[in-house]
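Colleague: A structural model of the following input is requested.
(chains A and B)
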Amino acid sequence: MSERPDGRKFDEMRPIEAKVGVIEQADGSAMFKIGKTIAIAGVYGPKQVHPKHLEDPEKAILRCYYDMYSFSVPERERPGPDRRSIELSMVIKNALLPAVFVKEYPKSQIEIFVSIIQADAGTRCAAISAASMALADAGIAMKDIVSSVAVGHVNNKVVVDLNKEEEDVEGTTDIPLAYMPRMKKITLLQLDGKMPKDKLREAIALGTKSCEKIYEVQKKALKDRYNTSGE
Amino acid sequence: MSELLVNEKEIVVPGEEIARGMDFLPSLGTFREGESIYAKKLGIVEVKKHVIKVIPLRGYYMPKRGDTVIGVVTNIGFSGWTVDIGAPYDVNLPVGEAVRERVELLRSDLSKYFDIGDVVVANIFNVTKSKLIQLSMRDYGLRKLKGGRVIKISPSKVPRLIGKGGSMVSMIKEYTNCEINVGQNGYIWINGPIEGQYLVEKAVDLIEEKAHTSGLTDTIKQMLEKGVKNE
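Modeller: Got it, this is the predicted structure:
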C-alpha cells in the first residue's frame, strides 16, 4: 500500500507532459511538465561570443540562465538572478555539456534560457529535461538526450520524483540526477542529506530507470513536432 | 552482420541508433561509436547504398568551402568588407577578391564599391580550422545584386527549395515573375513586382514548414495557382 502523500507508488513519477517548439523566436525551444512543475527552455545559437574574451578557439561555450518566475511559488519570489539561480544555471550547464558536440562549433556560444513558470520541487531536473529537448530542436549536434529526475529517501523509503510536500518532510534526502540513456552515463548527481550506502545504490538504480521512461517521452515529443504537421 | 535499425526518411533524435555493424559508413549528421552508427542531430535519415546521412530539420548555416552564398554587407574595413551570411562567425570579403580594378587603399573610399546593406553573391574560398572565413567574387555570376530584398530559409531546406535540377525555383519564378537568387546559406534574394514578391515569400514559408513531407511540388503549385488567381 502506498504511503506517499499524493497516493503514488514509490517508483511512480508524477504525470509528464512534453512539447517542443513553444517559443517562435528561439532557435529551439521546449516545455517540460512533471506534476505541477513546469519548465520552459529556449536555445539561441550557435552565435558569436560577447564578451570576446570568453571565446574558446577550440569549442563552443555553453551559457545557461535559470530563472524562477516570481509567481511560480506560493510566496512571491523576488525576481532576477540570486545565489540559488546562479548556482543552478551552472549545475544545468554542467549536466548538459557532456551531451553536446562542442567541438563542432569553435569560437561560438550556445545560450540556454530556462524559465520555471510553476514550481513544485524538482525544478532543476525539469529544467535539464526541457533544455536538452530545446538543444535538439535547435539542430545542435548532440551525443545523446539528457533526461533528469530527482530520487529521494523519505521516511526510510526510496522514492522517485519528490514533490514539495515530501521534500519538506524532516530528514528527507533529495538526489537530483541527470542521465544519458543511450550512453548509460550519469551527468549530474547531487545529494542533499544523509542516507545509507545500499539505499543510495537503490536510489540511483531507480533514478536511471525513471530517466529511461522520461527519455521515451522526450523522444516522442521531438518526433511529434514534425510528424503531426506533416500529415 | 550489419543491419539498419530505422527506415529511410524516418525522423531520428540525437543519439538514436541508426545502424549496427561495420558495413555502413557514417556521413554528415551521424557518428560512429563502437560498432553502431548514431544520429548527431534531429533530422531525417537518408541511406545511399551503405552511406548513412541525417538531414537536419533546423540549425544554423555552417560555412563550407566552395559554397555559393548570398550575403549582406555589414561593415566596411580598411581592406575589405564584413559580410553577414547567416553563420555564427564574421565573414571577410577582401578588396582583392571583390574588385577587378586596382584600388589605392589609402586614398579610396571602399563604400563606392559596396556599401553597408548591399547584397552580394559570393563564393566561400577558404574556411580555416579557427573559422576564419573568406569570400571571393572572382567567378562567373558572382556580383552585387541591385535592388530587391533578402528573405531567409533554413539552410537544410535549400535543396528542397531548388528542387530536382532547379525545378522548384523555376516554377516559382514562372508563376510570380520575380527574379530569385538562392544561396547555399539559406539567404534568398528576390526582386520583381510586389504581388510576386509576396507570393514568393508565402511559397518559401510553406517550404520551410513542409520541407520534410512528400508531394511538396504539388502543394506549392496549388498555392501559387491560387495566389495568382486572387491577384
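Colleague: C-alpha only now, for contacts and for neighbours.
Modeller: Fine.
Colleague: need the residues of chain A near chain B, please.
Modeller: A:27, A:45-48, A:57-58, A:106-108, A:136-145, A:182, A:219, A:222-223, A:229-230 (C-alpha under 8 Å from any C-alpha of the partner chain).
Colleague: OK, contacts around the closest residue to A:Lys33 other than its chain neighbours?
Modeller: Excluding its sequence neighbours, the residue lying closest to A:Lys33 (C-alpha to C-alpha, 6 or more residues apart in numbering or on different chains) is A:Glu17, at 5.0 Å. A:Glu17 makes contact with A:32-34, A:217 under the criterion C-alpha atoms under 8 Å, 6 or more residues apart in numbering or on different chains.
Colleague: now, which of those lie within strands?
Modeller: A:32-34 (DSSP state E).
Colleague: Now for residue 96, how many residues are close by?
Modeller: All of this is about chain A. 26 (other C-alpha atoms under 10 Å in any protein chain shown).
Colleague: I was thinking of chain B, sorry if that wasn't clear
Modeller: 15.
Colleague: Sticking with the residue nearest to the spatial centre of chain A, tell me its helix or strand.
Modeller: Geometric centre of chain A, nearest residue: A:Ile128, 1.9 Å, by C-alpha atoms, centre = their mean. Secondary structure from DSSP states H and E places A:Ile128 in helix A:123-137.
Colleague: Against which helices or strands is that helix packed?
Modeller: strand A:16-20, strand A:28-34, strand A:37-48, helix A:83-96, strand A:108-118, strand A:147-154, strand A:173-180, helix A:197-230 (3 or more C-alpha pairs under 8 Å, 6 or more residues apart in numbering or on different chains; DSSP states H and E).
Colleague: B:Thr217: what secondary structure?
Modeller: Recorded secondary structure, B:Thr217: helix (DSSP: H, G, I helix; E, B strand; the rest coil).
Colleague: what's near enough to touch it?
Modeller: Counted by C-alpha under 8 Å, 6+ apart, B:Thr217 has contacts B:Met168.
Colleague: redo that, cut-off 10 Å
Modeller: B:160-161, B:163, B:167-168, B:171, B:207, B:211, B:223 (C-alpha atoms under 10 Å, 6 or more residues apart in numbering or on different chains).
Colleague: For B:Val204, see how far away it is.
Modeller: Distance, B:Thr217 to B:Val204, using C-alpha to C-alpha, to the nearest Å: 12 Å.
Colleague: Any regions of chain A where pLDDT drops low?
Modeller: A:1-2, A:228-231 (pLDDT under 70).
Colleague: mind running it again at 50?
Modeller: Along chain A, segments meeting pLDDT under 50 span A:230-231.
Colleague: circling back to that earlier point, and the helices and strands packed on helix A:123-137: which comes nearest B:Val99?
Modeller: strand A:37-48 (28.3 Å; C-alpha to C-alpha).
Colleague: Centre of the chain to the helix or strand following that closest one, how far?
Modeller: Sequence order places strand A:61-68 as the next helix or strand after strand A:37-48, per DSSP H and E. From the chain centre to the centre of strand A:61-68 is a distance of 12 Å (C-alpha atoms, centre = their mean, to the nearest Å).
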